[in-house]
Every structure is written in structure tokens, then in C-alpha cells.
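1. sequence and predicted structure below; questions after.
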Amino acid sequence: MSDVIAEPTFEPPADALAFYEESLRLLKESGIPFLLSGTYAVTAYTGIRRPTKDLDVFCKPGDYPRILAFFQKHGYRTDVEDERWIAKVWKDEKHFFDVIFAMSNGTIAVSDSWFSEDRITVYGHQVQITPPTALILSKVFIQDRYRYDGADVNHVILKQSDAIDWKSLLDQMDLYWEVLAAHLLNFRFAYPTERDRIPRWLMEELVERLTAQIDLPAPRVKVCRGRLFSPRDYVADVAEWGFGDVVGKGLEERHDPVNLGH
């Protein structure tokens with residue numbers, strides 16, 4: 001799906017609009033590869049329009065310091081919120097954009113495979129967006145009390161199944177194949193007439209893995225992988241019930257109802 005043209009779904013205030021226009025202009029001037037994701041990509045691939053007031057800029061981990069350094073030279077303030085996955089570029093105390101280079105749980109980093117020729121026109125600039133496969137990867141672990149992106153995953157599969165690199169999706173989710181299987185089962189439930197949009201070989205592979213797993217003994221290490229979905233929703237598991245922590249979030253992050261992740 002190359003040369004996609006989509007208009008922004010939300011008209012921000014004039015000062016914010018100027019900030020977004022300038023930010024995208026500078027990002028393009030930097031020559032550093034970046035992608036626009038989030039609502040803009042969902043709109044481009046599904047046609048679903050909804051309000052958005054921010055920019056999610058994705059880049060490879062090795063490129064995020066370059067982006068921050070470039071904007072610092074142009075008078076912006078930068079903040080590495082969490083060196084595992086996110087930084088911010090600030091114009092002032094009100095306007096900023098996120099620079100995301102991995103998923104907040106540390107499972108997947110942005111890589112060359114996330115880049116394609118798919119583009120949208122937004123705020124007067126034509127920019128690359130996360131292709132369907134990468135867009136799914138960016139959303140499969142967002143399963144929180146306050147935010148669940150499963151509907152976005154379903155809609156991208158529904159509208160872009162032919163453009164999804166299913167082999168790459170499985171490869172990148174190999175360690176977390178159960179999460180992928182759960183999303184695909186949800187899609188099959190939501191759209192029973194559209195089940196064939198998911199390749200038969202993929203469902204057979206996942207079912208085979210599940211069948212082989214059923215008779216295996218339980219793992220010896222007691223961990224709660226629910227923490228990969230939502231650190232705050234699985235606090236009791238780690239703090240009270242004896243499960244090992246696989247995320248390593250600080251206590252202030254575990255209880256913060258505002259930090260929604262991606």
C-alpha cells in the first residue's frame with residue numbers, strides 16, 4: 001500500500017498546528033529515518049477517523065539520540081523518559097512529541113523491517129508511516145485496564161490482510177506466539193465470515209504449538225507475564241502472590257493511572 005494519502009483526523013489549535021508542522025519539517029530536514037504511527041497510521045490503513053492530539057514518532061534505537069541531538073541544536077528541550085523505549089522533544093511546557101524506539105515492555109524494538117514506502121500527507125508534509133505488520137506489532141501488548149488496542153489490531157487485519165507480512169509477524173512474535181494466537185482468535189471471533197484473511201498455515205502452526213504445549217510440565221520459574229501487558233494491573237501478583245517480575249518497572253510506574261504506555 002504505497003503512496004497512501006490521508007488527511008489528519010484532528011485539527012489542533014493554531015499554536016499546536018504550527019508546532020506539528022515545524023516538527024515534521026525538522027524531522028525531514030534531519031535526514032534521520034523516522035515513521036509516524038498511532039492514529040495517523042490506523043486512519044490511513046482502515047479509514048477509521050478519531051481525534052488525536054499528539055504525534056508518535058517511531059525510529060530505530062540507534063537513531064533516537066541523533067533525533068534528540070538534532071532538535072537540541074535547534075533550541076528544543078529533550079527528555080529521555082525511559083531509555084528502554086521512549087523520549088520526548090519539547091518546544092515549550094505545552095507542546096511536545098514522543099520519540100518511540102521500542103515497545104514499553106521491552107519485547108520488540110523498532111527495526112529496518114518496520115520501514116516501507118507507505119506514506120501519508122499530514123500537516124503539509126508527506127511522511128512515512130508504520131506499515132501494517134509493524135502497526136500490529138506496536139499494538140499487540142497494549143492490554144491495560146485503561147487502554148486496549150485489540151480493536152485496532154482487528155481492523156488492520158480486516159482491511160490490510162494482503163499487505164501484512166505474516167511470516168515476519170510470526171518471526172518477531174516467536175517468543176510470544178501465544179499473544180499472537182490470542183489476537184488471531186479474537187479476530188476470528190469478531191469476523192467469522194472473514195476467517196480466511198488469516199493464512200491457514202499460520203493458524204495450523206499456532207494450533208500445533210498449543211497442542212504440543214498442553215502435555216508439557218509447568219515451567220519451574222514462577223513468573224507473571226501479565227506484566228508485559230500492564231505493569232500496574234499485575235502489581236499484586238509480584239508484590240503479594242510470589243510471582244517473579246518480568247518487566248522491572250518502578251513502584252511509581254506500577255501505580256500511575258496516566259502512563260498508558262504506547
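-> It's in. Numbering: from 1, shown residues only.
2. could I get the full set of helices for the stretch 151-262 of the chain?
-> Taking DSSP state H, counting those that start in this stretch, the helices of the stretch 151-262 of the chain run over residues 166-172, 177-190, 200-214, 235-239, 251-254.
3. also compute the angle for the second one relative to helix 200-214, please.
-> Helix 177-190 and helix 200-214 are oriented at 120 degrees to each other (axes from the mean of the first three to the mean of the last three CA atoms, to 10 degrees).
4. output helix 177-190 in PDB, but only the C-alpha positions, please.
-> Extracted C-alpha coordinates of helix 177-190, given in PDB (Å, rounded to 0.1, in the frame of the first residue of the first chain):
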ATOM      1  CA  TRP A 177       3.300 -16.700  20.000                       C
ATOM      2  CA  GLU A 178       0.500 -17.200  22.500                       C
ATOM      3  CA  VAL A 179      -0.200 -13.400  22.400                       C
ATOM      4  CA  LEU A 180      -0.400 -13.500  18.600                       C
ATOM      5  CA  ALA A 181      -2.600 -16.600  18.700                       C
ATOM      6  CA  ALA A 182      -5.000 -14.800  21.100                       C
ATOM      7  CA  HIS A 183      -5.300 -11.800  18.900                       C
ATOM      8  CA  LEU A 184      -5.900 -14.000  15.800                       C
ATOM      9  CA  LEU A 185      -8.600 -16.000  17.700                       C
ATOM     10  CA  ASN A 186     -10.200 -12.700  18.700                       C
ATOM     11  CA  PHE A 187     -10.200 -11.700  15.000                       C
ATOM     12  CA  ARG A 188     -11.900 -14.900  14.000                       C
ATOM     13  CA  PHE A 189     -14.500 -14.400  16.700                       C
ATOM     14  CA  ALA A 190     -15.200 -10.800  15.700                       C
END
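5. so where's the chain uncertain?
-> Residues of the chain meeting the criterion pLDDT under 70: 1-10, 248-262.
6. where is the longest helix in it?
-> When the chain is parsed with DSSP state H, its longest helix is helix 14-30.
7. not counting that helix itself, show me its contacts.
-> Contact with helix 14-30 is made by 11-12, 34, 36, 53, 55, 57, 66-67, 70-71, 74, 89, 91, 94-95, 97, 122-125, 127, as judged by CB atoms under 8 Å, 6 or more residues apart in numbering. Where C-beta positions appear, they are placed from N, C-alpha and C, glycine not excepted.
8. which ones among those lie within strands?
-> Using DSSP state E, the members of the contacts of helix 14-30 that fall within strands are 36, 57, 89, 97, 122, 125, 127.
9. for Arg145, see how far away the fourth one is.
-> Read it as Phe97. 26 Å (CB to CB, to the nearest Å).
10. for the two, indicate the residue with more neighbours.
-> Each of Phe97 and Arg145 has its neighbours counted (other CB atoms under 10 Å); Phe97 has more, 22 against 11.
11. so how far is Ala236 from the nearest residue to the more buried one once chain neighbours are set aside?
-> Spatial nearest neighbour of Phe97, excluding adjacent residues (CB to CB, 6 or more residues apart in numbering): Leu55 at 4.0 Å. In this view, Leu55 and Ala236 are 35 Å apart by CB to CB.
12. these two: which is more packed in?
-> Counted by other CB under 10 Å, Leu55 and Ala236 do not tie: Leu55 has more neighbours, with 24 against 10.
13. might one say that that one is in contact with Ile100?
-> No - here Leu55 does not reach Ile100: they are 10.3 Å apart, not a contact under CB atoms under 8 Å.
14. identify the residues contacting the residue nearest to Phe97.
-> With contact set as CB under 8 Å, 6+ apart, Leu55 has these partners: 20, 23-24, 36, 38, 97-98.
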